[in-house]
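Trainee: Everything below, folded, please.
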Amino acid sequence: MEFRATIPHAPIPWARAASRRGVRFTPAKQRAYMKIVQSYLLGALRDQRWEKATNKPIELELVFIFERARSNKTALHAQKPDASNLVKIIEDAANGILWHDDCQIVRLTARKEWGLPARTELWVRVFAPSVSL
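Mentor: Sure thing, here's the model as predicted:
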């Protein structure tokens, strides 16, 4: 079983929670992006055969695509934002939608690329180990 979705917005990384007067909060830009991700995941969920909030082990593949600035001539996107922070926001946004909790992800592949338009591509599969335990 496989689930595939495209989030047609520039990827936004997870940001450390900010605090004001001792109260911690999630930055507004991050909250807004998570709502966008959740909306696209729920839309794609309606069109595909995927058990909502499955409790099975998960394999997750992510490709984060960024628009290249004209002045940037590098072949690889080896710069900020960190891939791990890009992954974290998708993992948390998909909690309760594609899986119960992101702790179910047992295999993860993520990469950053240049391309148009900026977006995030994701594939989710129920993990099937090639070696029986």
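
Trainee: hang on, Arg46 is in a helix, isn't it?
Mentor: Yes. Arg46 forms part of a helix when assessed by DSSP: H, G, I helix; E, B strand; the rest coil.

Trainee: shift numbering so it begins at 67
Mentor: I'll keep to 67 as the first residue from here, and by that count the last item is Arg112.

Trainee: For Ile124, see how far away it is.
Mentor: Distance from Arg112 to Ile124, counting by Cβ to Cβ, to the nearest Å: 20 Å. Where you see a C-beta, it was placed from the backbone N, CA and C, and this is true even at glycine.

Trainee: neighbours of Ala159, just the number please.
Mentor: Using other Cβ atoms under 10 Å, Ala159 is surrounded by 23 other residues.

Trainee: Can you tell me what sits against stretch 110-119?
Mentor: Contact partners of stretch 110-119, identified using Cβ atoms under 8 Å, 6 or more residues apart in numbering, comprise Met67, Phe69, Arg70, Ala71, Thr72, Gly162, Ile163, Leu164, Trp165, His166, Val190.

Trainee: Report the mean confidence score over it.
Mentor: The pLDDT scores in stretch 110-119 average 85.

Trainee: Using PDB, list the CA coordinates for it.
Mentor: Taking C-alpha atoms only, stretch 110-119 is exported to PDB below (Å, rounded to 0.1, in the frame of the first residue of the first chain):
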ATOM      1  CA  ALA A 110      -5.000  13.400  -1.200                       C
ATOM      2  CA  LEU A 111      -6.200  10.900   1.400                       C
ATOM      3  CA  ARG A 112      -9.800  11.200  -0.100                       C
ATOM      4  CA  ASP A 113      -8.400  10.200  -3.500                       C
ATOM      5  CA  GLN A 114      -6.200   7.300  -2.500                       C
ATOM      6  CA  ARG A 115      -6.600   3.900  -0.700                       C
ATOM      7  CA  TRP A 116      -4.800   4.600   2.500                       C
ATOM      8  CA  GLU A 117      -5.900   3.700   6.000                       C
ATOM      9  CA  LYS A 118      -6.200   7.100   7.900                       C
ATOM     10  CA  ALA A 119      -3.900   7.300  10.900                       C
END
